[in-house]
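**Q** Just the structure for this:
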Amino acid sequence: MAASYETTWRALISALARENVPLRVVAKDSGVIASDNFTTPIGAYADCGRIGDTTLEGEALVTFTVFVRSAGSNGTEVQINAKMRTQAYRKGSSGKLRPEPVYPCVSTGRWESNLVDAVRQAVRP
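**A** Below you'll find the model as predicted:
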C-alpha cells in the first residue's frame, strides 16, 4: 500500500468492519489481524475441488490472517493468508449436504482482492 502503517491499519479495520468479518485477534503492535471461522458458499471465497468429474458444492469454513508491516518510505506491506475446508458439501447440485469427510479447500482470491481494493480506495490521497 502506498500509505503509512497507521493509515493502512485504520483502512483495514474499517474494511473488515464493513464486511462484518468476525475477528479473533487484532494486534496492532505486531501487525496481525486474524478472523474467526466463518462460513461461505463454496465457490465464493473457497474452491473445494472435485470428486471425479463432479464439483463440490455447499459451504466452506474459512479463516484469514492479515499481516501488516511498515515498508518505511515505500508504504506498508500487507500479506493475507487463508485457511479453508468444507463444512457441509454435496457432489454437484443434488443430494443432501454432508459434513464428512472434510476436504481441504483453496482460496479463489476473491476475498483477498476485495479487501485490498477496499483498503487502496480508502488510503488514496
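
**Q** Name the nearest residue to residue 55, sequence neighbours excluded.
**A** residue 92 (6.6 Å; C-beta to C-beta, 6 or more residues apart in numbering). Where C-beta positions appear, they are placed from N, C-alpha and C, glycine not excepted.

**Q** Could you list which residues are in contact with that neighbour?
**A** Neighbouring residues of residue 92 by C-beta atoms under 8 Å, 6 or more residues apart in numbering: 54, 55, 57.

**Q** Same check on residue 119?
**A** 1, 8, 11, 12, 15, 78.

**Q** Look at the spatially most central residue of the chain and give its secondary structure.
**A** The chain has residue 64 as the residue nearest its centroid, 4.4 Å off, counting by C-alpha atoms, centre = their mean. Of the three states, residue 64 takes strand under DSSP: H, G, I helix; E, B strand; the rest coil.

**Q** ok, residue 123 touching residue 6?
**A** No: counting by C-beta atoms under 8 Å, residue 123 stays clear of residue 6, with 10.3 Å between them.

**Q** And those two? Which one has more around it.
**A** Per other C-beta atoms under 10 Å, whichever of residue 123 and residue 6 has more neighbours is residue 123, with 18 against 11.

**Q** quick one: strands adjacent to the worst-scoring helix or strand of the chain on mean pLDDT?
**A** Sorted by mean pLDDT, DSSP states H and E, the helices and strands of the chain end with strand 50-51, the least confident at a mean of 90. The partner list of strand 50-51 in its sheet, established with DSSP bridges, is strand 54-70 (antiparallel).
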